[in-house]
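Chemist: give me a model of this one.
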Amino acid sequence: KQPGHSALMRDAMTSWIQLVDDIHGNGDSAVDVLNDLLNYDKIESGTLRLEFSTVDIWTLVKKTAAAFVMQAKQKNIDLQLIGDCWSTTLSYDETAVYGQLRVIGDATRIAQVLRNLLSNALKFTPENGRVI
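Modeler: Numbering: from 1, shown residues only. Reported below is the predicted structural model:
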């Protein structure tokens, strides 16, 4: 038994788990884009309904931004959240409490706005740049 083999296996598994999470998040993003297009039609026809609930903004921001980590990595962009640094490696402290901000709103629509903001920020930020 050689020391370090289990650590190598653990690191490899962690990488695979992160990759699967990224694939899953990107799949969710593709579905969200399709839903955005369908919602545009509902807005035009006046049939869009909002679903209000209590929304934890910090959790929603982290979840939404996580879907953009791979895109940021591809352009070598440092993706950061205030009070929480991801640096495209997603190295942030899940146990840290940065304060909760709960609002009444439509989580789906808020996430759409966040996705559009992040998408544009990454699109117009040059390589080796930073999005905060």
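
Chemist: flag every buried residue along stretch 54-65.
Modeler: Neighbour-count burial for stretch 54-65 flags 55, 58, 60-62, 64-65 (criterion: 16 or more other Cβ atoms under 10 Å). All C-beta atoms are positioned from the backbone trio N, CA, C, and that covers glycine.

Chemist: tell me the pLDDT at Leu79?
Modeler: Here, the pLDDT recorded for Leu79 equals 87.

Chemist: helices of the protein, start to end?
Modeler: 5-45, 57-66, 69-74, 107-124 (DSSP state H).

Chemist: which among the buried residues of stretch 54-65 gets closest to Ser6?
Modeler: Lys62 (30.3 Å; Cβ to Cβ).

Chemist: for the helices of the chain, which one sits closest to Leu101?
Modeler: For Leu101, the closest of these is helix 57-66, at 4.4 Å, according to Cβ to Cβ.

Chemist: now for the closest one, which elements pack on it?
Modeler: Contacts defined by 3 or more Cβ pairs under 8 Å, 6 or more residues apart in numbering; DSSP states H and E place helix 57-66 against strand 78-81, helix 107-124.
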